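# Please work out how this folds:
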Amino acid sequence: MIRRFLNKNILLALALGACLPWQAQAASYPSKPITFVVPFGAGSATDQLARALGQGITEETGDVVIIENKPGASAMIGASTVARAEADGYHVLITTNTSQAANPHLYKKLSYDPVKDFEPVTLLGTGGQIMVVNPSSPAKTVEEFIALAKKQPGKMTFGSGSSSSRVAGELFQQMAGIQILHVPYKSNPAAITDVLGGQVDMMMADMATGLPQVQSGKLRALGVTMLTPSALAPNVPTIDKAGVPGYEMGYWFGAYVPARTPAAVVDKLHDLLVKAETHAAATRFYTQTGTHPVVSTPKELLAFQKAETEKWGVIIRKAGIQPE
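Numbers count the residues shown, from 1 in each chain. Okay, the predicted model is just below:
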C-alpha cells in the first residue's frame, strides 16, 4: 500500500515536472523571433498578408517576425516544413485552402497531413479572384474568350500558382464547355509574369496579385469570380453574369502551427494574430486587395477546414480534375 502510494505520487510529480517547461515557455512567449512560413512566392497574396501581420506583431511585441517563403509543389513544401518543425509556436504556417483543403483531392499522396500534422490557430481572411488576359488578347469579354477557345480547342492556355487559381481555371473551362491547357507555376506572381509576357493566355489571379496589374493597364480584366462585383473593380462584371451562369470561386487564409504545440502557446499566438489584423499594415492589405478580415477560434478553424475540404472535393470532382 505504501509502495503504491509512493509510486503514484512519484508519477504525478514527474508529470507535473514535465509540464513546467511548457508552462514557463507559454508564460514568456514570444521570447524570440517568430517565423512565418509562406508556402507561396514573394509578392503573392499570402506573402503580402504574412508580412502585414508580421509587422503588426512586431509593433505589438517589439520582436521581429521572419518571413520565410517556401513555394512549390502546390504549397506542399511550405506545409511540410512547418509540419516537421518543433512544436513551440515559433514556426507558423500562413497558408490558404490550397494546402489545407484542396490538395487532398488534387494529389494521391501528400508529404503532410492537413489535419493530424497541425494545430489550427485562426482564420485570417477570405477573398475572390479576377480573370485576366494580356491587353493584346483579342478577347475583351468573357464571352469573347470562350468563343476564341471554342475555335481552337486545347490550344489556349491558363496559368496558376495555387490550387485556388488552378481549380478556378479548371472549373471555368468545365462550366464554359471549352478546352484550355493548364500551365502550373510555383506561385501566382510567377504565372502573372508569363501572362504579362504573352506566354500564357489567361489566369484566374487573386486580387492582391492581379488587380495592381489591371489598374496599371498591364493586364485586362474580364471578370471576377465572386457572385457580386468587387468594390475595387466595380466596372468588371462577375463571370456569372458575363457568360458562365452559376460560376463562383473564392479562397481563404489561415494560420497553423505544428501538432502538439501547447494550447497556452496557441492561445497567445491567436491573440497576437487577432490584434495584428487591426494594425495599419494589415488594414491596408485588406482594403487594397478586397480581402475580408476574418478571425476564429482554433476549434472554429478546424470545423471550417473540414467543411471546406468537403466543398473543395465536390468542386474538384465537378471540374473533372484527376488526382496526380
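# distance between the ends of stretch 174-188?
From its first residue to its last, stretch 174-188 covers 21 Å (CA to CA, to the nearest Å).
# Show me which positions of that stretch end up buried.
Neighbour counts over stretch 174-188 (16 or more other CB atoms under 10 Å) mark 174-176, 178, 180, 183, 185-188 as buried. Yep, even glycine has a C-beta here, placed from its N, CA and C like the rest.
# for stretch 85-94, same thing?
85, 87-94.
# Just the CA trace of that stretch, in CSV.
This file holds the C-alpha atoms of stretch 85-94, laid out as CSV (Å, rounded to 0.1, in the frame of the first residue of the first chain):
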residue,chain,number,x,y,z
ALA,A,85,9.2,21.9,-37.1
GLU,A,86,9.5,22.0,-33.3
ALA,A,87,6.1,22.3,-31.7
ASP,A,88,6.9,25.5,-29.8
GLY,A,89,4.9,28.2,-31.6
TYR,A,90,7.9,29.8,-33.4
HIS,A,91,7.2,28.3,-36.8
VAL,A,92,3.8,29.4,-38.1
LEU,A,93,2.2,28.3,-41.4
ILE,A,94,0.4,31.3,-43.0
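# Name the residues that touch it?
25, 29-30, 32-39, 46, 49-50, 53, 78-79, 81-82, 99, 118-119, 121, 124, 253, 255-262, 265-266, 268-269 (CB atoms under 8 Å, 6 or more residues apart in numbering).
# One more pass at 6 Å, please.
Outside stretch 85-94, the residues within contact range by CB atoms under 6 Å, 6 or more residues apart in numbering are 29, 34-38, 50, 82, 255-258, 260-261, 265, 269.
# Let me know the average pLDDT across it.
Stretch 85-94 carries an average pLDDT of 98.
# repeat for stretch 119-129
With pLDDT averaged residue by residue, stretch 119-129 scores 96.
# Now do the helices in the stretch 51-200 of the chain.
Assigned by DSSP state H, counting those that start in this stretch, the helices in the stretch 51-200 of the chain fall at 76-83, 97, 103-106, 142-151, 163-176, 188-196.
# can you list the ones you listed in CSV and add distance to residue 314?
CSV is the format used below for these (distance: least, CB to CB, whole Å):
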stretch, distance to residue 314
helix 76-83, 22
helix 97, 13
helix 103-106, 9
helix 142-151, 23
helix 163-176, 11
helix 188-196, 24
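# longest strand in the protein, by residue count?
strand 118-133 (DSSP state E).
# any idea of the angle that one forms with helix 188-196?
10 degrees (axes from the mean of the first three to the mean of the last three CA atoms, to 10 degrees).
# Return the list of strands paired to strand 118-133, each annotated with direction.
strand 202-206 (antiparallel), strand 220-224 (antiparallel), strand 250-258 (antiparallel), strand 292-293 (antiparallel) (DSSP bridges).
# what element comes up after the third one heading to the C-terminus?
Going back to what we said before, that points to strand 250-258. Scanning forward in sequence from strand 250-258 by DSSP states H and E, the next helix or strand is helix 263-276.
# ok, and for that following helix, which residues are buried?
265-270, 272-276.
# Would you map out the domains in the protein?
With domains defined by automatic domain parsing, the chain comprises 32-127+250-318, 128-242.
# Show the model's pLDDT score for the residue nearest to residue 139 when sequence neighbours are not counted.
Leaving aside its chain neighbours, residue 139 sits nearest to residue 145 (3.8 Å; criterion: CB to CB, 6 or more residues apart in numbering). Looking at residue 145, its pLDDT is 98.
# So that it lines up with my notes, have the first residue be 12 from now on.
Renumbered: residue one is now 12, and that last one reads residue 156.
# and the gap between residue 156 and residue 263?
27 Å (CB to CB, to the nearest Å).
# quick one: which of those two has more around it?
Neighbour count, other CB atoms under 10 Å: between residue 156 and residue 263, residue 156 has more, with 27 against 23.
# on that earlier part again, of the contacts of stretch 96-105, grab the buried ones for ChimeraX.
Isolation of the buried members of the contacts of stretch 96-105 (16+ other CB under 10 Å) is achieved in ChimeraX through the command below:
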select :40,45,46,47,48,49,61,93,266,267,268,269,272,276,280
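# which of the contacts of stretch 96-105 lies closest to residue 170?
Minimum distance to residue 170 across those is 19.6 Å, recorded for residue 49 (CB to CB).
# which residues touch that closest one?
57-58, 61, 80, 105.
# again, only using 8 Å
By CB under 8 Å, 6+ apart, the neighbours of residue 49 are 55, 57-58, 61, 78-82, 89, 105-106.
# now do residue 128
90, 94, 269-270.
# Where neighbours are concerned, which of those has the most?
Ranked by neighbour count under the definition other CB under 10 Å, the contacts of residue 128 are headed by residue 90 with 28 neighbours.
# looking at it, that residue is touching residue 106, isn't it?
Yes - with contact defined as CB atoms under 8 Å, residue 90 reaches residue 106; the gap is 6.5 Å.
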